[in-house]
Every structure is written in C-alpha cells, then in structure tokens.
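1. turn this into a model:
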Amino acid sequence: GKKLGELDAPDIAAWRDWRLQTVSGSTVLREANLLKHIFHVARDEWRWMEHDPFRGVKLPKENAPRTALWGWKDIRRVLRAGRLSGGKTGEVADVFHISLRTAMRLKECLEATDNYDPHKRVVTLAETKTGRRVIPVGKKAGKLLERPSFVVGANEASTLFAKLTKRLMIDGLTLHDARATALTHLARRVDVLTLARVSGHKDIALLNSVYYRESS
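-> Residues are numbered from 1 along each chain as shown. So this is what the prediction gives:
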C-alpha cells in the first residue's frame, strides 16, 4: 500500500473504477466528496500532503432517478433461487425480501435484525442517511426480521445480488429497486407525508415526483 502523501490521480481513478463495478455513480460521488474533505484537511491543516490527488480525475454524475419496479413473478424467482442457493446468496435474497416489505435501504436491512423490537414491531436505526429512524413493520416483515444477524456485508450483497439476477436472466432490475417497489405499493394506501415518515425522505417534492407513484 501507499502512504497518504503518495496518493495521486491514477490511484483515485483506479478506486473510482473499482467502486463503479458494484455501486452507482451517485454513491461513488458521495464517497468521493467525503474523501476530498479528508484530503483537504490532511493537506491544508495537517501538512501530510502537498497536492490534491483528485485533481484531473473525472467523477461520475448523479444517477437519474430509477423508475424500474419489481414484478411478483421475478420476485418469486429471486426468493426461490436464494433459498436453493443458501449461504450468503440466501442471505441476500432475505435482504431483498425485507426491503420489499419495509422499503428500507440495503444497509438498513442488514442492521434491522439487530435493532428489531418484536413487541412494538418497530426497527430503530440510530444512524441512517437521514438520521435516526423508527420504522414500523407489518407482521410478515416482522417474521422476516426474527432471524440471526446477517453475515454478508453491503458491498458483497450488491455483487452477489447482481450475480443472482444475471444467472436468472433478469435484466434492468437491482436490489435498490426493491425499495422503490415497496414505496410505490405503499403509496397506494397512504398519503405522501406518511410515506415520507416511512421512507425517511426529507425532500417531500422529490418523494412526490419520483417515488410517490399513486397511480402506478
């Protein structure tokens, strides 16, 4: 490995390309902004670096909002294949099922089993993209959460899910689309403010225009 002060644009470009194999451009952009801040402090305050390793590196743009939704036929195929595969692939299928039932993000689903209160039927997550969240879950989702902690990590889960859908020849659908599917189904039963509380969105306009598909 290299020392911090030795990192340069080719290293950042290699990291960018590696991350883009498993996550979206928007995720890479968020992570890059965090790294930029760290390098800024290391250079200007701590004097550990003499240059900006991000200089000259082209970063991906924000992804356009996805509109793809999971249909029940493909959902059943993924869940069945996951059960047959077992192991971490089986765990990923369980995460997919939890997301469909709760509209939680991948990392939230992975943490949910350790933060689920079966008596109140809520998941309490201290740190999420939108701060602390208390997420109510239904009976079916509650049963899915009464299981041992997940072993698979978030990045590995994304990769395994992509391999599973490729094996099943399911194109154009991702693990993240399970959350959008859940929000779309929920929008048929609740108003946009209730949907925002469940989803954790602070931007009501974004939720209304992108996720709140009441007529879908």
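
2. all strands for this structure, in order.
-> Taking DSSP state E to define them, one finds strands in the chain at 116-117, 122-125, 133-136.

3. who wins for proximity to Asp11 among those strands?
-> Closest to Asp11 of the strands of the chain is strand 122-125 (Cβ to Cβ; 33.4 Å). Using the backbone N, CA and C atoms, a C-beta is placed for each residue, glycine as well.

4. partners of the closest one, with directions?
-> Taking DSSP bridges as the criterion, strand 122-125 forms sheet pairs with strand 116-117 (antiparallel), strand 133-136 (antiparallel).

5. tabulate those (TSV), appending mean pLDDT and distance to Phe54.
-> Shown next, in TSV, are the strands paired with strand 122-125 (pLDDT from 0 to 100; distance: least, Cβ to Cβ, whole Å):
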stretch	mean pLDDT	distance to Phe54
strand 116-117	96	40
strand 133-136	86	32
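
6. what's stretch 82-96 in contact with?
-> Stretch 82-96 is contacted from outside by 78-79, 81, 106, 109-110, 144, 147, 150-152, 156-157, 160-161, 163-164, 175, 178, using Cβ atoms under 8 Å, 6 or more residues apart in numbering.

7. ok, Gly1 to Lys143 distance?
-> Counting by Cβ to Cβ, to the nearest Å, the gap from Gly1 to Lys143 is 45 Å.

8. more neighbours: these two, which one.
-> Counted by other Cβ atoms under 10 Å, Gly1 and Lys143 do not tie: Lys143 has more neighbours, with 12 against 4.

9. coming back round to it: of the strands paired with strand 122-125, which is nearest Ala13?
-> The nearest among the strands paired with strand 122-125, by Cβ to Cβ, is strand 133-136 at 35.3 Å.
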